[in-house]
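Chemist: Any chance you could fold what I've pasted below:
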Amino acid sequence: MHQSIVSFPSIFYRNKLLTADEVKQRPPAPWHVHMLFPPLLVWNMDQSAMQRSSSGGLSNRSEARFVCKIVSTFIGELGKSFASQYVIKIGIISFYSTQVTLLKKLLPTGDMGKISVEVSTVDGFQGREVDIIILSCVRSFHEGRGRRYGTSLGFLQDFRRVNVALTRARESLWIVGNCNTLTQDKIWANMLDSAQKSNVIAKASDFERLLVSYGTERAQAQSRRFISKTGRASFSHGTTRAKRQKWNERKGG
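Modeler: As a prediction, the model looks like this:
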């Protein structure tokens, strides 16, 4: 697990969770060169609305659409070129089976090169690892239409499950959720405070602007300088072609 990711779930291990030396020494994943795809990033969706189905299942369509946008952008921007020789495995997970069903319906189809995308519940990913994990948190107290479903975080307060969700990624962990909702829980609040201090929280509404900004060499060089409305977000990752080749060799081995 990348050392930038380790700091996030370390709270479950009394801050004693460490990254092995051999992991620290391996070259960065090739997509870390892109400001939208760093090792750790929290996308804050403070206006997303949670829905409850007739059977009681919870989903969040805004989050699902945004997750699909991340995947399609990753593939379109750089995924195919980086996966030209070896498979990049992406896992999209949620605590709620209704959200998993929705994500499967909305995900883009077609040629993904050698990129492998799997959608599952958090429980379904226990004991496994993939290169990239995208976690859809679903819970949001901004319900829309004046409706509220209480203030419980449900499965997000089951910290055995949360620990599983945060430790499935080898190279990148991208969390999509309503930070205002998540901070209602003390442990989530501590983790997000740590993320804020590490400059890895960004507003989902800034996604397109960041993508356009990255399109210029100047923006790439100044990627560490981007400041979002919810806090600073740091995305500078100087991955060279030689390092990408080493990463490919490691994947091949």
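Chemist: Going by C-alpha atoms from here, please, whenever you check contacts or count neighbours.
Modeler: Will do.
Chemist: Point out where this protein drops to low pLDDT.
Modeler: Scanning the chain for pLDDT under 70 picks out 1-4, 7-26, 79-85, 142-151, 215-253.
Chemist: Going by residue numbers, what spans are helices in it?
Modeler: 3-6, 21-25, 61-74, 80-82, 97-106, 159-166, 179-182, 186-197, 207-214, 217-221, 241-252 (DSSP state H).
Chemist: For the fifth one, output the C-alpha coordinates as CSV.
Modeler: It stands for helix 97-106. Taking C-alpha atoms only, helix 97-106 is exported to CSV below (Å, rounded to 0.1, in the frame of the first residue of the first chain):
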residue,chain,number,x,y,z
SER,A,97,-25.5,-2.9,-2.5
THR,A,98,-28.1,-0.6,-4.0
GLN,A,99,-25.3,1.8,-4.9
VAL,A,100,-23.3,-1.0,-6.4
THR,A,101,-26.2,-1.9,-8.7
LEU,A,102,-26.6,1.7,-9.7
LEU,A,103,-22.8,2.1,-10.5
LYS,A,104,-22.9,-1.0,-12.6
LYS,A,105,-25.7,0.5,-14.7
LEU,A,106,-24.0,3.8,-15.1
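Chemist: between it and helix 61-74, how many degrees?
Modeler: Counting by axes from the mean of the first three to the mean of the last three C-alpha atoms, to 10 degrees, helix 97-106 lies at 40 degrees to helix 61-74.
Chemist: what's helix 97-106 in contact with?
Modeler: The contact list for helix 97-106, computed with C-alpha atoms under 8 Å, 6 or more residues apart in numbering, reads 57-61, 64-65, 68, 93-94, 119-121, 138.
Chemist: Could I get those residues in a markdown table, plus columns for neighbour count?
Modeler: As requested, the contacts of helix 97-106 are exported to a markdown table (neighbours: other C-alpha atoms under 10 Å):
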| residue | neighbour count |
| --- | --- |
| Gly57 | 12 |
| Leu58 | 17 |
| Ser59 | 28 |
| Asn60 | 24 |
| Arg61 | 17 |
| Ala64 | 22 |
| Arg65 | 15 |
| Cys68 | 17 |
| Ile93 | 26 |
| Ser94 | 26 |
| Val119 | 20 |
| Ser120 | 19 |
| Thr121 | 21 |
| Val138 | 27 |
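Chemist: Spell out which two among these are the most distant pair, please.
Modeler: Using C-alpha to C-alpha, the contacts of helix 97-106 reach their maximum pairwise distance at Gly57 and Cys68, which is 20.3 Å.
Chemist: re the thing from before, now, which of the contacts of helix 97-106 lie within strands?
Modeler: If you go by DSSP state E, the contacts of helix 97-106 have 58-59, 93-94, 119-121 in strands.
Chemist: Touching the longest strand seen in the chain from outside, list them.
Modeler: Of all the segments of type strand in the chain, defined by DSSP E, the longest one is strand 169-177. Residues from elsewhere that reach strand 169-177, judged by C-alpha under 8 Å, 6+ apart: 1-2, 5, 28-29, 37-46, 63, 67, 129-140, 166.
Chemist: Nothing else from me, thank you.
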